[in-house]
Every structure is written in structure tokens, then in C-alpha cells.
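Student: coords please:
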Amino acid sequence: MIETTLTAISSFLLHPLFYIGIAAFAFIGAVRVAKERASFHTRVYAKRADFVLSLLPGLLAGLIASFVLIGYGLTLTTPVLLLVAAASLLLLLTGRMQLQSPAYYIPLAAVALALLPSLTLPTWLDGELESQILYPSLFLFAAVTLLAQAFLVRFNGAALTSPRLEIGKRGRFVGVHIANRLWLLPIVVFIPEGMLPAFSYWPLIHIEGMTFQPLLIPVLVGFGKKIGSLPKDTVATEAKAIYPLAVLAFVGAAALYFLPEYWFLCLWSALLAGLKLALDIRSAIAEKNKPAFFTEEEKGCRVVGVLPGSPAEKMGIAIGEEITKVNGQPVHNEQTMYQALQINPVYCKLEVKDLAGEARFVHGPLYSGEHYQLGALLVRQEEQLADSIV
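Tutor: Below you'll find the predicted structure:
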């Protein structure tokens, strides 16, 4: 059993896409921190947070997806898996995590299947599988990984949105949140026996006289969106939009079982990618037409973000709430808030209007000698009031 486990881990760790995914985590973190510093002169989360917060959810989603695929006995060939990895990498190079979806790279790999007969492959890549097995399996793989993506976006997509400031339609600063997430999923699939060494403790399945062995591979799924309102609400809506894609992929898998023709595979690939593109365009247009939520307020300060571990977080101040009074003084921007905080530099009392419009009071100690006191990120009024953090 130990040998089996080590073999599975080795096949996962030796896959190039695993290291490419790790490099992508580092790149996403570096870009995020640079953008946050440009807006607020401080980072919100450390660079490693992009990997740490995505690691466990990705492993869990991959585990659940693997159980489903093992139960079905999903079978693919190594060349097809390499095409999927290559398509995923190609889309990853764009830097747009919204494109890192099975609804894009699975259809891209399916269309590229036409190139395989014209390629001279190494002997160890030889492996044939009947189209009646291969085509439905490819779309079933897409359906299950899409469900995993929906799960990750719904429950983890809003965990690390990055607050930014940008110029709005009226030429004034508004706050936005950038969701740019990537998850690394360990997925178990079956390949024809003999393409990799078999082990005595490794389970094999038999289909129509052929024997298959499992392989643990890394799969990347992502999510990217600029959000001008509350991140949790928008991300939840985006997660729901993935379910029709998964349903379409399941229907495609069933249809391809009864008609395993390459032209039919391309047709379903176009439908899946086309629906995904249409949903992305509709979402972008809807977000663009929404009125800005994080704006300057006449009778309060809208909180765009909260620094982890700061007094604001410990007091329970949430993104989207308004701070209306500090130490009994009305505030409406970072300058008036800073002045009110100086009334008592070591302790403060706040009046906060929550997301339901109800007022509540919070209080707590402040940092001393730090570059910020409260840890709340605000929308600034003018460029010279540069920090936008109090």
C-alpha cells in the first residue's frame, strides 16, 4: 500500500504542470501585491497567501472529483492528457484566470486531437482507445472538473479578493475587488496498461478485453473577475453560472457515447466553449453597467478592504460597511478619520453602519508606531492623500 501511495504521489509531482502551477501562484501573488501597493501603499495579504488559501480547497475538490471518476472508471490516453495539459498551459500564459476553465481547455484539446495522426510520437506515448470510450470520457472529465470548479469558486473564490482603487466613470476614485484565483487539483484517471509501469498493489480495471491503470495528474482551474460590488455576492452568482456548463458537458458525454464521431466531438466542444464565452461576456457587461458601490460617501467612509490582523479586523469591521463616527466625531474621508483618531491615539470608538443600514458601535485599541492605526482601506478623494489607509 505504501508503494502504491508513493507511486501516485510521484506521478503527480513529476508532472510539469505541477511546477508550472506553483510558478503561476508566485506570479499571481507578486502582481497582486504590486497592484495593492500602487493603490494603498501597503499589501493586504502576503504573496504566499495565494498558494496557501488555495491549497487545501484544491486538494479537497480534486479528491471528490477523483472518487467520481474512479467510480466511472474514466479512461484517457497519455497523448490526450498531454493535449489537455498543453491547452491548459497555453491559456495560462494569457494571465487571465477566467480562461483557465475546463470549458475552454478541454474543447481546445478535443479539436487538437485531429493533429495526433500526423505526429510522430515516442514509443512510450503509443496508446489507442476506441472513440466510443475516449470521446465520452473526455467530456465526462470536463463535466466533473467543471463541478469541481463551481465548488471552488462558490466556497473559496471570495476568500482572497484584492481591493484596488481606479478612476470611475465620473473621473473620481472608486474601489473595486479583483478575483484572480488558481487551484491545483490532483485528479485520478485511467490510462491503457503498459504505458507506465504497473504495480502489484495498484488497482486495474478491465473494459472490453483491455486493461487500464490509474494515474494521478495535476489539473488547473481558475477564476478571474473585476468586481465593483460586494465580492461574496458576485462570486456566488459566478459559481452558479458554471453549473449549466457542467450539465452541457454531461449531456455531451452521453451523446458522444451513442455517436462517437470526431465531427460530433468538435460540435459539442464548440457548444461548450461558446456557452462559456457567452456567459463570460454577459457577466462582464452586467458588471460594467452596475453603479459603483465603493465610492466616497457624504456622511461616512466606505470600507474597501480590511488588513488581516489589524484593529479593524479585530473589531469586526467588514468590507462594504461605512464608518460614520470616530471617537464621537463625524467622518467622511481618510483625512477627517485620521484627525478623529488622534483624539485618542491608543484607543478608539467607532460608529459603523452595516450592510443592512443598521448602526452599531465597536471599540478597541490601536497600533502604536505603525504606518497605519486602524487597518481600514478607504476610497480616497485626491491623489495627494495617497495612503487611503487609516
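Student: Okay, and the beta partners of residue 362?
Tutor: Bridge pairing for residue 362 (DSSP bridges) gives the partners residue 350.
Student: ranges for the helices of the stretch 101-250 of the chain?
Tutor: For the stretch 101-250 of the chain, the helices defined by DSSP state H, counting those that start in this stretch cover 102-112, 131-156, 231-240, 243-258.
Student: Give the buried residues for the second one.
Tutor: This means helix 131-156. Neighbour-count burial for helix 131-156 flags 131, 133-154, 156 (criterion: 16 or more other Cβ atoms under 10 Å). To be clear about C-beta, it is placed using only N, CA and C from the backbone, and glycine gets the same treatment.
Student: Let me know the angle separating that helix from helix 231-240.
Tutor: Inter-element angle recorded for helix 131-156 and helix 231-240: 170 degrees (by axes from the mean of the first three to the mean of the last three Cα atoms, to 10 degrees).
Student: which helices and strands sit right next to helix 131-156?
Tutor: If you count contacts as 3 or more Cβ pairs under 8 Å, 6 or more residues apart in numbering; DSSP states H and E, helix 131-156 packs onto helix 49-72, helix 78-92, helix 102-112, strand 173-192, strand 210-227, helix 231-240, helix 243-258, helix 262-289.
Student: Mind doing that once more with 7 Å?
Tutor: Here helix 131-156 touches helix 49-72, helix 102-112, strand 210-227, helix 231-240, helix 243-258, helix 262-289, going by 3 or more Cβ pairs under 7 Å, 6 or more residues apart in numbering; DSSP states H and E.
Student: Of those, flag the one that's most buried.
Tutor: With neighbours defined by mean count of other Cβ atoms under 10 Å, none of those is more surrounded on average than helix 102-112, at a mean of 24.
Student: Residue 270 is in contact with residue 110, correct?
Tutor: No. Between residue 110 and residue 270 there is no contact under Cβ atoms under 7 Å: 9.5 Å.
Student: ok, and the closest non-adjacent residue to residue 221?
Tutor: Setting aside the residues directly before and after it, residue 221 is nearest to residue 149 in space (Cβ to Cβ, 6 or more residues apart in numbering), at 4.3 Å.
Student: can you check residue 140 too?
Tutor: Closest residue to residue 140 apart from its sequence neighbours, by Cβ to Cβ, 6+ apart: residue 253 at 4.3 Å.
Student: my guess is the one you found meets residue 142, correct?
Tutor: No. The pair residue 253 / residue 142 is not scored as a contact, 8.0 Å apart, by Cβ under 7 Å.
Student: and the residue of the chain most remote from its centre, what does it touch?
Tutor: No residue in the chain sits farther from the centre than residue 343, which is 42.5 Å out by Cα atoms, centre = their mean. Residue 343 makes contact with residue 327 under the criterion Cβ atoms under 7 Å, 6 or more residues apart in numbering.
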